[in-house]
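Student: What would the 3D arrangement of this be:
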Amino acid sequence: MHTAQVIQVYSFTVIVAAGVRILAQGFYAIQNTWFPAVAGAVALVSHIVFAIALTNAFGLNGLAAASLCSATVNLLMLGTAYNSWV
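Tutor: Predicted structure coming up:
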């Protein structure tokens, strides 16, 4: 049962990761490679924080949720900046 729950959480992560990939390409098209890198670094640090908090609370499902949360942070940073730069 745990595997099915983790896959359910990761199914949403795949959708968010696809959005990150699409938005990052817009920045690369205007020769801005540093902002996607900064957004990725912030998402990495946020993943560490989310992983600690959510794994303690929900176990393995929390770790999958931490991936979703950090990918969402990355998507929100890219989406916000995309409106003003691209």
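
Student: Tell me which residue lies nearest the centroid of the chain.
Tutor: Centroid-nearest residue in the chain: residue 71, 0.7 Å away (criterion: C-alpha atoms, centre = their mean).

Student: I figured that one was touching residue 43, is that so?
Tutor: Yes: applying C-beta atoms under 8 Å, one finds residue 71 in contact with residue 43, separated by 6.8 Å. All C-beta atoms are positioned from the backbone trio N, CA, C, and that covers glycine.

Student: what is the mean pLDDT for the longest helix along the chain?
Tutor: For the chain, the longest helix by residue count, based on DSSP state H, is helix 2-29. Helix 2-29 shows a mean pLDDT of 94.

Student: got a pLDDT number for the residue nearest to the centre of the chain?
Tutor: pLDDT recorded at residue 71 is 98.

Student: For residue 20, see how far away it is.
Tutor: 6 Å (C-beta to C-beta, to the nearest Å).

Student: Report the contact partners of residue 79.
Tutor: Residue 79 is in contact with 19, 23, counting by C-beta atoms under 8 Å, 6 or more residues apart in numbering.
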